[in-house]
Structure formats: structure tokens, C-alpha cells
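> one predicted model, sequence on top.
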Amino acid sequence: DTAVSQTPKYLVTQMGNDKSIKCEQNLGHDTMYWYKQDSKKFLKIMFSYNNKELIINETVPNRFSPKSPDKAHLNLHINSLELGDSAVYFCASSQREGREQYFGPGTRLTVT
Amino acid sequence: AQSVTQLDSQVPVFEEAPVELRCNYSSSVSVYLFWYVQYPNQGLQLLLKYLSGSTLVESINGFEAEFNKSQTSFHLRKPSVHISDTAEYFCAVNTNAGKSTFGDGTTLTVKP
């Protein structure tokens, strides 16, 4: 069983559309994260949730909205997609804040 | 505030040669330190971690890293690399408050 899973793996869409990426972890972890990795492989944290509560919200446009329906899920919804949103988005989880993180396989988003 | 600097963006090395990937950090509070590896088209995987205790930590595939508090470093070493070690390596710093900071990554390329 995959520890941290994301769907879809690939997402190609046009500017202006709204899309969602889903993430699920079956590790029983309390904390989940969303990261953005750009074409130069730089990894930037976007959000962190602990027990369904938003802990970290880095400087991210309001078009990005995370939602955590329960401790095992953290979805990312993106409104009005822009070309600059093209990247690989990773979900991750950790037992608690500050501990090692387990990453999903990533979702490659391409905005045309 | 905390920061992580990976001193080398690219490290080419021949197979069976030793390698060191350098990581320096700064933080005003105690930190946990991690190295992650990212193989092509995959998510990040934990390679090794320092939480407390012995300053020398080892991974199952021959890598080791030493926490040096006075030099605020956590360099990654392997005495003899394989072609399969070719990947992107990320150093990361976490605090108890859950703030995660990743370095910009080091591309390790092992040549035959």
C-alpha cells in the first residue's frame, strides 16, 4: 500500500481553469503539507496542516486553497490557473510537526 | 528565522569515488536535520536524520552525515558511490514549531 498517494499524477489544463489535486496518507500521521517544486527543482512549502488545522500558510496567492476534510486527507484547489503555476506539486506527511516527512509521488501540473 | 545553504548545486563524480555534499544551516532555535534523496520523476525519500544523540548518523545504503553544531553543518558523505546514487539531494532543517526549510538541492551525477 502506498503511504502517501496523490491524484492525478499528471494534470494538463488551460489558463483560467480551476483544478484540484487530492492527497491521502495511510500512515496515521498528524501533519500534512503541500510543496511546490519548480523547473529548477527548488522546493517551496506552501501549506502545513496539523490535525486538520492550518499551521503554516506561506506567501501563496489566494487562488490556492487547501482543504483537509480529515486527518488523512489534504486537498489542494487552485482557481484561475496561470502559466506560472506550472510545476510539480508534492504532498507530504509527518508523524508530528518537525519530524521527518514522507512524500507523495507528485502531481505534474502543466498550464497552457 | 532559519535558512539552509547547500554549497554545491552540482557534483559530478566517478563511480567508486568518495563524495561529500555540503549543507550549512542557520537557526535561532534547536533544529532537526534531514537529508532527502529524489530520483528522477519521483517524490523525495528520507535518506537520514539527526534528531538528537550521536552526531554521526548513517543510512542503510552507505551514506552518513555528521551534525557539527559549532560549524552549523550537516554534510553528507559516502566513501564509494554507485551509478544508482545519481539523484537530487536535499538538506532540510525543521524546528519543533513545524517550520520546514529545504536547501536548493545538489545534483549528484555518478559517471562510469
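Done, it's in. Residues are numbered from 1 along each chain as shown, chains lettered A, B, ... in the order given.

> low-confidence ranges in the chain?
All of this is about chain A. A:1 (pLDDT under 70).

> wait, chain B was what I had in mind.
B:98.

> enumerate the residues of it near chain A.
B:32, B:34, B:36, B:38, B:42-46, B:49, B:51, B:88, B:90, B:94-102, B:104-105, B:107 (CB under 8 Å from any CB of the partner chain). C-beta: built from backbone N, CA, C; applies to glycine.

> tell me the buried residues within those.
The neighbour-count test (16 or more other CB atoms under 10 Å in any protein chain shown) marks B:32, B:34, B:36, B:38, B:43-44, B:49, B:88, B:90, B:94-95, B:98-102, B:105, B:107 as buried among these.

> would you mind naming what in chain A lies close to chain B?
Taking CB under 8 Å from any CB as the criterion, chain A approaches chain B at residues A:4, A:31, A:33, A:41-45, A:48, A:50, A:55-56, A:90, A:92, A:97-106.

> touching, B:S27 and B:Q2? I think so.
Yes. In this structure, B:S27 is within contact of B:Q2 by CB atoms under 8 Å, at 4.0 Å.

> between these two, which contacts overlap?
Shared contacts of B:S27 and B:Q2 (CB atoms under 8 Å, 6 or more residues apart in numbering or on different chains): B:93, B:95.

> all strands of chain A, in order?
A:4-7, A:10-13, A:19-25, A:31-37, A:43-50, A:53-57, A:64-70, A:73-78, A:87-94, A:102-103, A:107-111 (DSSP state E).

> the residue positioned nearest the centre of chain B: what's its closest spatial neighbour, skipping adjacent residues?
With distances taken as CA atoms, centre = their mean, B:W35 lies nearest the centre of chain B, 3.6 Å away. Among residues not flanking B:W35 along the chain, B:L47 sits closest, at 4.3 Å (CB to CB, 6 or more residues apart in numbering or on different chains).

> wait, the one you found touches B:E88, no?
No. With contact defined as CB under 8 Å, B:L47 does not reach B:E88; the gap is 11.3 Å.

> return every residue with contacts to both of those two.
Common contacts of B:L47 and B:E88 (CB under 8 Å, 6+ apart): B:V37.
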